[in-house]
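Asks: Take this sequence and fold it.
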Amino acid sequence: MKELLEQAWWMLAVRGAIAILFGILALIWPGLTLLWLVVLFAAYALISGASEVAAAVKNRARNENWWLILLLGLVSLGAGVIAVFHPDLTALIFVLLMGANALATGVLDIASAIRLRKVMEGEWLLILAGVVSILFGILVFLFPGAGALALVWLISFYAVVTGVLLLTLAFRARAWMRTGELRHA
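Replies: Got it, this is the predicted structure:
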């Protein structure tokens, strides 16, 4: 674990910086943030679905399992069409997906921190980031009807706080690595 931290402290910094940037942009443009997430998803689903359908039709004579690719393409096209015609439903699903992601990353951050306690001090920052993620995920699932726009503000707060905690941990880990303060496990 010590070697992982020594080699990858910068990934925590990148993750933290991206979270802060996303949080600030979402605060500045909350309505656009949600709309653009839906638009990007719709474009992705439609383009990937169309390419999968085209590949399946083109290769149907050469591949007996072509219908699986066709089915995958049709599912993607269907998701894209739903996103275009029902952006509100798509936005709610996105919000719930973000909540699920926050719960999962929170648990994994806490598990990582528990393992890191053997090689460094200050793992509480990663534990705190994990707790913030879990609380955010719980709030998303408890209050999905609060409105997607209101949840964008919560997402912004979550992203900025988590980003600051991860950046702090990254710079502390870098300093510990340089000064040799990491304990050997």
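Asks: in the protein, what residue sits furthest out from the centroid?
Replies: Note on the chain: the largest C-alpha distance from the chain mean falls to Ala61, namely 39.3 Å (C-alpha atoms, centre = their mean).
Asks: Assign a three-state SS to it, would you?
Replies: Under DSSP: H, G, I helix; E, B strand; the rest coil, Ala61 falls in the coil class.
Asks: Got the confidence number for it?
Replies: We have a pLDDT of 85 for Ala61.
Asks: Torsion angles phi and psi at it?
Replies: Ala61 has phi and psi values of phi -80, psi -20 when expressed as degrees, to the nearest 10.
Asks: Now do the helix or strand of the chain with the lowest mean pLDDT: distance to the chain's middle.
Replies: Lowest mean confidence among the helices and strands of the chain (mean pLDDT, DSSP states H and E): helix 2-28, at a mean of 78. Chain-centre distance of helix 2-28: 12 Å, with C-alpha atoms, centre = their mean, to the nearest Å.
Asks: C-terminal to that helix, what's the next element?
Replies: helix 30-58 (DSSP states H and E).
Asks: Give me the buried positions along whichever helix or strand comes after that next one.
Replies: Counting by DSSP H and E, the element after helix 30-58 in chain order, helix or strand, is helix 66-85. Of the residues in helix 66-85, 66, 69-70, 72-73, 76-77, 79-80, 83-84 count as buried by neighbour count, 16 or more other C-beta atoms under 10 Å. Any C-beta I mention is one placed from the backbone N, CA and C, and that applies to glycine too.
Asks: same question, stretch 21-28
Replies: 22-23, 26-27.
Asks: From the rest of the structure, what touches it?
Replies: With C-beta atoms under 8 Å, 6 or more residues apart in numbering as the test, stretch 21-28 has contacts from 33, 152-153, 155-161, 163.
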